[in-house]
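Participant: Provided below for reference: sequence and predicted model.
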Amino acid sequence: MTARIRLALSSYIPLFVVGIIRFDDFRLRIVLSGIVLSGIVSLVSLIRVSVKRVQPRKATPTFVRDLSSEVAGYVATYLLPFMTVDQPGPRDLLAYAFVLVTLGIVFVNSDLVGVNPILSLCGYRVLQVSGVRKLATGEDADTIVISRCPVVAGSGATLADLATGVSLVIPPNGSDDL
């Protein structure tokens, strides 16, 4: 499973927790609990494995923009439609699945990949950074950077690449446990 898909799955954790609380169907609550658990395990393993196995590289950002404020808008986009039905029928579930798959595809194929409420809850900031990645043409490409420590334009940072266009800042002590 790619890092982008794992980040997308983990971004839905709050939604599935709301479903567990709101929906009355026990089987549905069990399924949602399994999805929540797999999302948590997937995110934790992504961060821990990346810190330990990915070859870190030094980079100096030329521009940094905090994307953390976009989390609220993203959560509202997918959360509000799911707050209305206590006992979803098969058609409701099909509609929910369609919305989630559509949002997931947009999420994975865009810079929303770093806009993740769970990362925010765990103390990470999500940043859009320039100057740390080059395209094959030699042009600078923006990168989504996930970090617990400050990232400042002009100051060096150690990055572990999770996926194309998504990196994790490795703190000076070399550990970044969730």
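Facilitator: Looks like it arrived, so ask away.

Participant: would you mind giving me the confidence score for Thr158?
Facilitator: Looking at Thr158, its pLDDT reads 90.

Participant: got it, and the one 3 residues further on?
Facilitator: What the model reports as pLDDT for Asp161 is 86.

Participant: dump the residue contacts of it.
Facilitator: 54, 57, 167 (Cβ atoms under 8 Å, 6 or more residues apart in numbering). The C-beta positions use only the backbone N, C-alpha and C, and glycine is treated the same way.

Participant: does it count as helix, strand or coil?
Facilitator: strand (DSSP: H, G, I helix; E, B strand; the rest coil).

Participant: same question, Val152
Facilitator: coil.

Participant: wait, it touches Thr60, no?
Facilitator: No: at 9.8 Å, Val152 does not count as touching Thr60 under the criterion of Cβ atoms under 8 Å.

Participant: any idea of the mean pLDDT for the helix ranked longest in the chain?
Facilitator: Longest helix of the chain, by residue count under DSSP state H: helix 26-53. Mean pLDDT, helix 26-53: 87.

Participant: just checking, what packs against the next helix-or-strand element following it?
Facilitator: Using DSSP states H and E, the helix or strand that directly follows helix 26-53 along the chain is strand 57-59. Applying 3 or more Cβ pairs under 8 Å, 6 or more residues apart in numbering; DSSP states H and E, one finds that strand 57-59 contacts strand 157-163.

Participant: from the chain's centre, how far out does the strand it packs on sit?
Facilitator: Distance, stretch centre to chain centre, for strand 157-163: 15 Å (Cα atoms, centre = their mean, to the nearest Å).

Participant: try stretch 24-42
Facilitator: Here stretch 24-42 is found 18 Å from its chain centre; the criterion is Cα atoms, centre = their mean.

Participant: using PDB, list the CA coordinates for that stretch.
Facilitator: Output of stretch 24-42 as PDB, limited to C-alpha atoms (Å, rounded to 0.1, in the frame of the first residue of the first chain):
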ATOM      1  CA  ASP A  24     -27.000   1.500  15.600                       C
ATOM      2  CA  ASP A  25     -26.100  -1.500  13.400                       C
ATOM      3  CA  PHE A  26     -23.700  -3.600  15.400                       C
ATOM      4  CA  ARG A  27     -22.100  -5.300  12.300                       C
ATOM      5  CA  LEU A  28     -21.500  -1.900  10.800                       C
ATOM      6  CA  ARG A  29     -19.900  -0.700  14.000                       C
ATOM      7  CA  ILE A  30     -17.600  -3.700  13.900                       C
ATOM      8  CA  VAL A  31     -16.600  -3.100  10.300                       C
ATOM      9  CA  LEU A  32     -15.900   0.600  11.100                       C
ATOM     10  CA  SER A  33     -13.900  -0.400  14.100                       C
ATOM     11  CA  GLY A  34     -11.700  -2.600  11.900                       C
ATOM     12  CA  ILE A  35     -11.200   0.200   9.500                       C
ATOM     13  CA  VAL A  36     -10.200   2.600  12.300                       C
ATOM     14  CA  LEU A  37      -7.800   0.100  13.700                       C
ATOM     15  CA  SER A  38      -6.200  -0.500  10.300                       C
ATOM     16  CA  GLY A  39      -5.900   3.200   9.700                       C
ATOM     17  CA  ILE A  40      -4.100   3.700  13.000                       C
ATOM     18  CA  VAL A  41      -1.800   0.800  12.500                       C
ATOM     19  CA  SER A  42      -1.100   1.900   8.900                       C
END
